[in-house]
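**Student:** Got a sequence here, can you build the structure:
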Amino acid sequence: MADVYEYSKARKNFGRHPQFEDSLTKMVCEQMPDSQIAEAYLLRDPNKISLDNIPMLQQHAVQTDRVETKDRGMAHVVGGWPTEIDPEDEQHI
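**Tutor:** The predicted structure is shown next:
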């Protein structure tokens with residue numbers, strides 16, 4: 001069962017595209033500072049806080065199967081070329 005919703009509206013009925021244009025800056029409101037209210041605020045500089053009592057939560061966990069691996073070495077005496085290629089021959093290189 002697929003969760004599909006098919007829109008039955010035409011594209012032109014979804015709304016109008018915005019038409020932006022350059023204009024002059026307008027002053028909508030001018031709010032002057034109030035000295036009585038300003039005395040109630042404290043300046044915090046720098047304004048940062050560190051909390052260390054936040055619980056560590058995990059979003060999800062994945063259970064994977066273990067795979068056994070082993071290390072195998074290769075002697076690069078001749079550069080690791082296959083046996084049918086002679087590294088001394090100019091035509092093979």
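
**Student:** For Tyr41, the count of nearby residues, please.
**Tutor:** Residue neighbour count, defined by other C-beta atoms under 10 Å, stands at 7 for Tyr41. To be clear about C-beta, it is placed using only N, CA and C from the backbone, and glycine gets the same treatment.

**Student:** Oh, that last question was meant for Trp81, not what I typed.
**Tutor:** Residues near Trp81, counting by other C-beta under 10 Å: 13.

**Student:** For it, pull up the helix or strand it's in.
**Tutor:** For Trp81, there is no host helix or strand (DSSP states H and E).

**Student:** wouldn't it be in contact with Pro87 here?
**Tutor:** Yes: applying C-beta atoms under 8 Å, one finds Trp81 in contact with Pro87, separated by 5.1 Å.

**Student:** ok, Glu90 - contacts?
**Tutor:** Contact analysis of Glu90 by C-beta atoms under 8 Å, 6 or more residues apart in numbering lists nothing.

**Student:** I'd like the distance between Glu6 and Lys12.
**Tutor:** 17 Å (C-beta to C-beta, to the nearest Å).

**Student:** Now stretch 10-19: average pLDDT?
**Tutor:** Stretch 10-19 shows a mean pLDDT of 77.

**Student:** which residues are common contacts for Trp81 and Pro87?
**Tutor:** Joint contacts of Trp81 and Pro87 (C-beta under 8 Å, 6+ apart) do not exist.

**Student:** What distance do you get for Leu51 to Ala40?
**Tutor:** 25 Å.

**Student:** again, but for Asp52
**Tutor:** Counting by C-beta to C-beta - Asp52 and Ala40 are separated by 30 Å.

**Student:** Nearest the middle, which residue of the chain would you pick?
**Tutor:** Closest residue to the average C-alpha location of the chain: Gln59 at 16.4 Å, with C-alpha atoms, centre = their mean.
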